[in-house]
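Novice: 3D model of this:
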Amino acid sequence: MRNSFCLAPFVLAWVACLLPTWQAVAKNPTDKESLRHIDSRLQLFVDDWLIDRTDGVSLELQTPIDAGKALDLTLAWEGPLSGIPCAFRDGDKYRMYYRGARREMQSRGPLSSNICYAESTDGVHWTKPNLGLYEFSGSKQNNITYIGDGTPQWFCFKDDNPAEPAERRYKAICGLTLSYGGPWGVLTSPDGFHWQWWKKEPILVGGPLDTQNTVGWYPERGLYMAYLRNWVDSKVGFESPPEVDAPPSEYNTWYWPQKKRVRSIMTTSSRDFIHWSRPQWLVYDKDTPLEHLYTNGITTYFRAPHIQVGFVERYVHDRVALADWVGSKEARGRGLDDVLFMSSRDGLHWDRRFKEAFIRPGPDRRNWVDHGNMAVAPAVLQTGPGEMSLYYVAHYQWDDTIHIRRCRLRLDGFVAVHAGYEPGELVTKPLEFSGKELVLNFATSAAGTVRVEIQDTAGNPIPGFTLADCPEIFGDQLERPVTWKSGSDVSSLAGKPVRLRFFLQDADLYSLRFR
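Specialist: Now for the predicted structure:
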């Protein structure tokens, strides 16, 4: 005790010397580049955007739960090559569009593929209405919404751009012929059923584009953004820009002999849907491996539209799990697929920290053949009070069982801040919010706990909002208000830079929001 007492003046002097440095560090996070203006928007922990530091916790990719078959694709006008689904919410119902395709599509027969339509009121139970628009085998009693050029590849969406006229409210991008690959043109519809060419000319160009390319309207940016297929040189990587100047006549041939090339994703943007910027590669962290990325599955997350998510079909081209499988000659030995997860806040820079699969082929042997399996619809739909769902193609190339399958997650549950039984902490970057209370989407064990402290930017607890003032939070809730001894009202801190400190034990934190 005597020695400690004698050292005290020196320790105090050392702290005094460092105090200006600490204060300078505390001021830096409030710079415009570091301060996070979150207002009352939902915040997911899919990346480090909101996180300053962690101790004893980690970001863990969650695993979707298989929810069974959503839609059979075995009708006469569908068939074993059906797939490339897209889906979206439209008012009080969900719409899904997908390619119906028989084996003749492999030879590009004029009536061998079409675009089919299904709908649902809950995202779980889907029906195929008789649209009566196109004849197939002498009858119009079917759910075909389009037959014509472009059916081997198709992506459609509801355009919420307020500047667009009602007759172009629904848009579809697709190839200009019955072949795979670019360039792509645009069909439009006033109701999502009756389609006609708006621009049957090259609108989206540059590269093969030989897969399901995606596009959408992003109101916060005032832009349309498209995500397209191209090929990366495996020796040069993303240092070389996408090869987009090959003539359209060579789109289906120029890349196939180049075994050194790897499929990847490029993006382009437009304000009018007609004139598009020169495509560029998506930007990843430097440690991201070059992998074959087949379909990109990119969409916005409906509860947080400032965040984009991608459900990317990863193609492992040199693996064959079922060498003795009896199927089409086209499919035999054409690799395996699973699904990756990635996220972005600007549409160009993507976080691909999770290298492991988000969705695996699973125990079903028929998902372990051909790269047409596991293609995810670029859509996240709410299918219950606390549930959201994704949809992907299963049993591709199997005549009798091909279908679209559903898997489900808890709302916001792509990634969790996870702490085991040993407690851990997370501290956010300085943020400014609006609202009266902080609500959490979280889950704990019976013995687990979550507590929250609000700090100033220097990391000092704000009186009344300390960790000691916060009763233990436990349970499993989507929107649990955080309370302190004084209650849940945090409006006195709204608009001021603060930090949040989370204490977690045997718990998962999925999202937060001020309201």
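
Novice: and M105, its phi and psi?
Specialist: phi -60, psi -20 (degrees, to the nearest 10).

Novice: ok, the closest residue to it other than its chain neighbours - how many residues close by?
Specialist: With sequence-adjacent residues excluded and distances taken as C-beta to C-beta, 6 or more residues apart in numbering, M105 is closest to S112, at 4.1 Å. Every residue, glycine included, has its C-beta placed from N, CA and C. Using other C-beta atoms under 10 Å, S112 is surrounded by 19 other residues.

Novice: what does E60 give?
Specialist: E60, neighbours per other C-beta under 10 Å, totals 13.

Novice: same question, Q212
Specialist: By other C-beta under 10 Å, neighbour count at Q212 equals 26.

Novice: that one and C470, how far apart?
Specialist: 47 Å (C-beta to C-beta, to the nearest Å).

Novice: and for V186?
Specialist: 54 Å.

Novice: so where's the stretch 201-350 of the chain shaky on pLDDT?
Specialist: 248, 250-259, 322-333 (pLDDT under 70).

Novice: actually, the chain.
Specialist: In the chain (pLDDT under 70), the answer is 1-33, 248, 250-259, 322-333.

Novice: domains of it?
Specialist: As given by automatic domain parsing, the domain ranges for the chain are 32-62+415-514, 65-410.

Novice: the last one: end-to-end distance?
Specialist: The stretch domain 65-410 measures 10 Å between its terminal residues, going by C-alpha to C-alpha, to the nearest Å.

Novice: for the chain, what's the longest strand?
Specialist: strand 438-455 (DSSP state E).

Novice: that one - contacts with which helices or strands?
Specialist: If you count contacts as 3 or more C-beta pairs under 8 Å, 6 or more residues apart in numbering; DSSP states H and E, strand 438-455 packs onto strand 476-481, strand 499-514.

Novice: nearest to R319, out of the ones you listed?
Specialist: R319 sits nearest to strand 499-514 of all those, at 32.8 Å, using C-beta to C-beta.

Novice: now find how far off-centre stretch 87-106 is within its chain.
Specialist: Remark: stretch 87-106 is offset 19 Å from the chain centroid, using C-alpha atoms, centre = their mean, to the nearest Å.

Novice: start and end of that stretch, how far apart?
Specialist: Span of stretch 87-106 from end to end, C-alpha to C-alpha: 25 Å.

Novice: rewinding a little: of the helices and strands packed on strand 438-455, flag the one that's most buried.
Specialist: Highest mean neighbour count of those: strand 499-514, a mean of 23 (counted as mean count of other C-beta atoms under 10 Å).

Novice: show me where the stretch 351-500 of the chain has its strands.
Specialist: 381-384, 387-394, 403-410, 415-419, 424-428, 431-433, 438-455, 476-481, 499-514 (DSSP state E, counting those that start in this stretch).

Novice: just put those strands in CSV and tack on distance to T299.
Specialist: Shown next, in CSV, are the strands of the stretch 351-500 of the chain (distance: least, C-beta to C-beta, whole Å):
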stretch, distance to T299
strand 381-384, 10
strand 387-394, 10
strand 403-410, 14
strand 415-419, 16
strand 424-428, 26
strand 431-433, 26
strand 438-455, 20
strand 476-481, 21
strand 499-514, 18
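
Novice: would you check that the residue nearest to M105 makes contact with A101?
Specialist: Yes: if you go by C-beta atoms under 8 Å, S112 and A101 touch, sitting 6.4 Å apart.

Novice: partners of the spatially most central residue of the chain in the sheet?
Specialist: Central residue of the chain (C-alpha atoms, centre = their mean): V309, 2.1 Å from the mean position. On the basis of DSSP bridges, V309 is bridged to T299, S343.

Novice: looks like L187 contacts G150 (just checking).
Specialist: Yes: between L187 and G150 there is a contact under C-beta under 8 Å: 7.2 Å.

Novice: find the residues that touch each one of those two.
Specialist: Common neighbours of L187 and G150, using C-beta atoms under 8 Å, 6 or more residues apart in numbering, are A172, C174.

Novice: what's the neighbour count on the closest residue to N130 other than its chain neighbours?
Specialist: Closest residue in space to N130, ignoring its immediate chain neighbours: Q141 at 5.0 Å, by C-beta to C-beta, 6+ apart. Counted with other C-beta under 10 Å, the neighbours of Q141 add up to 10.

Novice: what distance do you get for Q141 to E135?
Specialist: From Q141 to E135 the distance is 10 Å (C-beta to C-beta).

Novice: do D55 as well
Specialist: Using C-beta to C-beta, we find D55 at a distance of 66 Å from E135.

Novice: out of the two, which sits in the more crowded spot?
Specialist: Between D55 and E135, counting by other C-beta under 10 Å, E135 is the more crowded of the two (13 against 10).

Novice: count the neighbours of the residue lying closest to P289 once chain neighbours are set aside for me.
Specialist: In this structure, P289 finds its nearest non-sequential neighbour in K355, 7.1 Å apart by C-beta to C-beta, 6+ apart. For K355, the number of neighbouring residues by other C-beta under 10 Å comes to 12.

Novice: and P162, by the same measure?
Specialist: P162 has 7 nearby residues by other C-beta under 10 Å.

Novice: repeat for the one 3 residues further on
Specialist: P165: 8 surrounding residues under other C-beta under 10 Å.

Novice: quick one, phi/psi of it?
Specialist: phi -70, psi 160.

Novice: measure it to Q505 for me?
Specialist: 56 Å.

Novice: buried residues in the helix or strand hosting V339, which are they?
Specialist: Per DSSP states H and E: V339 is located in strand 336-344. The neighbour-count check on strand 336-344 (16 or more other C-beta atoms under 10 Å) flags L336, D337, D338, V339, L340, F341, M342, S343, S344 as buried.

Novice: how about JSON lines for these, with distance to S34 added?
Specialist: Formatted as JSON lines, those follow (distance: C-beta to C-beta, whole Å):
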{"residue": "L336", "distance to S34": "43"}
{"residue": "D337", "distance to S34": "39"}
{"residue": "D338", "distance to S34": "36"}
{"residue": "V339", "distance to S34": "34"}
{"residue": "L340", "distance to S34": "29"}
{"residue": "F341", "distance to S34": "26"}
{"residue": "M342", "distance to S34": "24"}
{"residue": "S343", "distance to S34": "20"}
{"residue": "S344", "distance to S34": "19"}
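
Novice: closest to G420 out of the residues you listed?
Specialist: Distances from G420 to the buried residues of strand 336-344, taken by C-beta to C-beta, are shortest for F341, at 22.0 Å.

Novice: pretty sure the closest one contacts F414?
Specialist: Yes: between F341 and F414 there is a contact under C-beta under 8 Å: 6.2 Å.

Novice: quickly list what's touching both of these two.
Specialist: With C-beta under 8 Å, 6+ apart, F341 and F414 have common neighbours L61, V309.

Novice: hang on, the earlier thing: nearest to V244, out of the strands of the stretch 351-500 of the chain?
Specialist: Nearest of the strands of the stretch 351-500 of the chain (C-beta to C-beta): strand 387-394, 28.2 Å.

Novice: tell me what angle that closest one forms with strand 403-410.
Specialist: 150 degrees (axes from the mean of the first three to the mean of the last three C-alpha atoms, to 10 degrees).
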